[in-house]
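In: build the 3D model from these lines:
(2 chains)
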Amino acid sequence: MQLNSLTAHELHDKLVNKEVSSVEITEDVFKRIDQVDDKVKAFVTLTKEQALAKAAEVDARISGGDKIGPLEGIPVVIKDNMCTEGVLTTCSSKMLHNFVPPYSATVVEKLQAAGAVIVGKANMDEFAMGSSTENSRFFSTRNPWDTDCVPGGSSGGSAASVAADETIYSLGSDTGGSIRQPASFCGVVGLKPTYGTVSRYGLIAYASSLDQIGPFAKDVRDCAQIFNVIAGHDPKDSTSAEFEVPDYTSILTGDVKGLRIGIPKEYFIEGTDPKVLQLVQDAINKFEAMGAVCEEATLPHTEYALPVYYLIAPAEASSNLARYDGVRYGYRDETAEDMITMFKRTRSEGFGTEVKRRIMLGTYALSSGYYDAYYLKALKVRTLIRQDFDRAFEKFDLLISPTSPTPAFRFGEKADDPIQMYLSDVFTISLNLAGIPGISIPCGFSNGLPVGLQLMGKPFGEGTLFKAAHAFEQSTGYYKMKPNL
Amino acid sequence: MLTKKQVEHVALLARLELNEEEKEMYATQLSAILEYIDALEKLDTENVPPTAHVLPLKNVFREDSVCEHLPNEKALSNAPDKEENCFRVPKIQ
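Out: Residues are numbered from 1 along each chain as shown, chains lettered A, B, ... in the order given. As a prediction, this is how the structure comes out:
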């Protein structure tokens, strides 16, 4: 049996029953990587030796009669923007090509404490800026369903590695759709949690008021289980929320009777692939057949979300990325004879085109004379977008939409037109601005490429998302489909 | 439309060195993005408060006690250049 194709909860049961060992699972994962990763190219770094050592440790615990946790001995892949002590963490950038963090991100520590087996670090758009993983300074990751297509981004390696069964699950980060859009393109489950539920300590910052870490999984039960482990308050992240973490897997009853689902009309727009629209309509019908009540909703300021995002995110990025100056870590230009020239050359060579584009845009928006017209205006419209959701959630338990207007696109198709590329995140961006959770789950195929359904929830409403997503998944079964690699 | 001079000014603020080709590319692309962003002008936001952050967080305090911190050696472990427990940089003009 190929253990790498199973879910974490299936493998956990097998570990507990002593049918398999963690070393066997881990070996199957690395065998799969050897077979397919020259096609998928999901990884910047592999940590095979440490992974097998960790797996052997867990196996020893099991044979010693210890009770193991749900993620113990299960392989995981980490996006390369989360710090892993002693393991290269590059952000897929020349700027950090040699950066070996002296500490680990809180999520990494939590997973390690839960007994996770870390397989490696996943490729991404440089500094998480992009929607196709074409902005990685190293190489592009390919979509396991069609290697001529992008896996989405920015967490493209995290999504592709799960879809290709090169891991059991993975972590990504989502600033404007960077978990949900690649989950949609690769046909896996991806959760962007409520802002503040998962610690950002050790996550290399892009736009701090929007960034949030979340899981990619092969089914909703795994997604809920991973969230159980990574969620919670962290004193090391001052923007971390204080809240009770329930057992999210206990909510997966399959019962959605009476659930009030809103269909925001602004998310069903011209330019969306007709097959995507049809699959989302099928999903709505499915929810109604299961007893949910679906009605039209409105989020009137939706059209302003993308412009607001492309002011706020670059503004925060221009400030966050000011730290890369070649002084303390990462790349340094060695030719400059004075410090200012060293700064400029280091940054110009260390950052790629899209990163520089966003730094320029953000710097402009924050510069003297433009701050009120651009940045302050964007923050005000952000309030209006939040209020839209507040109003909609007075009436509805969750909202439903496509995750992205199209399935995965081809390499190069949008690379030269920033605005076209940005539009692939048009349905995901508002959730980051409002801080609310969203999950993308597979809802069918368009010409052999997966299509994702996005469910949006109230702040801290992950439980409702998991419950509805699980009910849909179990009654449709799209999540069981695997790409031919 | 952003002028080449404006692009040069922004690049200076951001400590970026752009070649002529990049200056032209960013002038065109940033102008297109800003034009797209101008859609926001349609909205009256006179009485709308700004949202810098979605959580109702105020200052987060902790006890002023000595905690664990990175030892110097680890903090300097990634330094491109160092000398006597310090980061070393080219001369400041």
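In: quick check, residue A:392 in contact with residue A:298.
Out: Yes: using CB atoms under 8 Å as the test, residue A:392 is close enough to residue A:298 to be in contact (7.2 Å). In short, each C-beta sits where N, CA and C put it, glycine included.
In: more neighbours: the two, which one.
Out: In this comparison of residue A:392 against residue A:298, neighbours counted by other CB atoms under 10 Å in any protein chain shown, the higher total goes to residue A:392 at 19 against 14.
In: can you give me the strands in chain A?
Out: Listed from the start of the chain, chain A has strands (DSSP state E) covering A:43-46, A:75-79, A:117-122, A:169-174, A:189-192, A:212-217, A:260-264, A:293-297, A:398-402, A:438-446, A:449-457.
In: chain center to stretch A:241-249: distance?
Out: Centroid displacement of stretch A:241-249 relative to its chain, using CA atoms, centre = their mean, to the nearest Å, is 20 Å.
In: distance of residue B:86 relative to chain A?
Out: 11 Å (CB to the nearest CB, to the nearest Å).
In: can you give me the neighbour number for that residue?
Out: The burial count assigned to residue B:86 is 11, neighbours taken as other CB under 10 Å.
In: can you check the pLDDT for it?
Out: Residue B:86 is assigned a predicted lDDT (pLDDT) of 95.
In: list the beta-bridge partners for it.
Out: Using DSSP bridges, the beta-bridge partners of residue B:86 come out as residue B:83.
In: could you list the low-pLDDT ranges of the stretch 251-400 of chain A?
Out: Low-confidence regions of the stretch 251-400 of chain A, defined here as pLDDT under 70, do not occur.
In: tell me who's in contact with residue A:165.
Out: With CB atoms under 8 Å, 6 or more residues apart in numbering or on different chains as the criterion, the residues that contact residue A:165 are A:2, A:4-5, A:32, A:482.
In: between the residues you listed, which sits nearest chain B?
Out: Using CB to the nearest CB, residue A:32 is the member of the contacts of residue A:165 that lies nearest chain B, at 32.6 Å.
In: all helices of the stretch 251-400 of chain A, in order?
Out: Listed from the start of the chain, the stretch 251-400 of chain A has helices (DSSP state H, counting those that start in this stretch) covering A:274-289, A:305-320, A:339-350, A:353-366, A:377-395.
In: let me have these in a markdown table, adding distance to chain B as columns.
Out: Listed next are the helices of the stretch 251-400 of chain A as a markdown table, based on distance: least, CB to the nearest CB, whole Å:
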| stretch | distance to chain B |
| --- | --- |
| helix A:274-289 | 23 |
| helix A:305-320 | 4 |
| helix A:339-350 | 4 |
| helix A:353-366 | 4 |
| helix A:377-395 | 3 |
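In: quick one, which of these gets closest to residue A:107.
Out: Judged by CB to CB, the one of the helices of the stretch 251-400 of chain A that comes nearest to residue A:107 is helix A:305-320, at 18.5 Å.
In: coming back round to it: what sits in contact with each of residue A:392 and residue A:298?
Out: Both residue A:392 and residue A:298 are contacted by residue A:264, under the criterion CB under 8 Å, 6+ apart.
In: excluding chain neighbours, give the residue nearest to the residue in the stretch 1-150 of chain A positioned nearest to chain B in space.
Out: For the stretch 1-150 of chain A, the residue closest to chain B is residue A:102, as judged by CB to the nearest CB, at 4.0 Å. Across the structure, with CB to CB, 6 or more residues apart in numbering or on different chains as the measure, the residue nearest residue A:102 apart from its sequence neighbours is residue B:74 (4.0 Å).
In: which of the residues in the host helix or strand of the one you found are buried?
Out: In this structure, residue B:74 is located in helix B:72-75 according to DSSP states H and E. Along helix B:72-75, these residues count as buried under the neighbour rule (16 or more other CB atoms under 10 Å in any protein chain shown): residue B:75.
In: how about residues contacting it?
Out: Taking contacts as CB under 8 Å, 6+ apart, the residues outside helix B:72-75 that touch it are A:102-103, A:328, B:85.
In: out of those, who's nearest residue A:64?
Out: Nearest member of these to residue A:64, counting by CB to CB, is residue A:103, at 30.3 Å.
In: hang on, the earlier thing: between the contacts of residue A:165, which has the most around it?
Out: Neighbour counts for the contacts of residue A:165 were taken using other CB under 10 Å; the highest belongs to residue A:4, which has 23 neighbours.
In: that residue contacts residue A:27, correct?
Out: No: the pair residue A:4 / residue A:27 is not scored as a contact, 9.1 Å apart, by CB under 8 Å.
In: where do the helices sit along the stretch 1-150 of chain A?
Out: A:8-16, A:22-40, A:48-63, A:106-113.
In: in TSV: these, plus distance to chain B and mean pLDDT.
Out: What follows is the helices of the stretch 1-150 of chain A, written out as TSV (distance: least, CB to the nearest CB, whole Å; pLDDT from 0 to 100):
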stretch	distance to chain B	mean pLDDT
helix A:8-16	30	98
helix A:22-40	28	98
helix A:48-63	19	98
helix A:106-113	13	98
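In: these: which one's closest to residue B:79?
Out: Shortest separation from residue B:79 across the helices of the stretch 1-150 of chain A is recorded for helix A:106-113, at 23.0 Å, computed as CB to CB.
In: show me which residues of the stretch 151-300 of chain A sit near chain B.
Out: On the criterion CB under 8 Å from any CB of the partner chain, chain B has as its neighbours in the stretch 151-300 of chain A the residues A:195-196, A:209, A:235, A:238-239, A:241.
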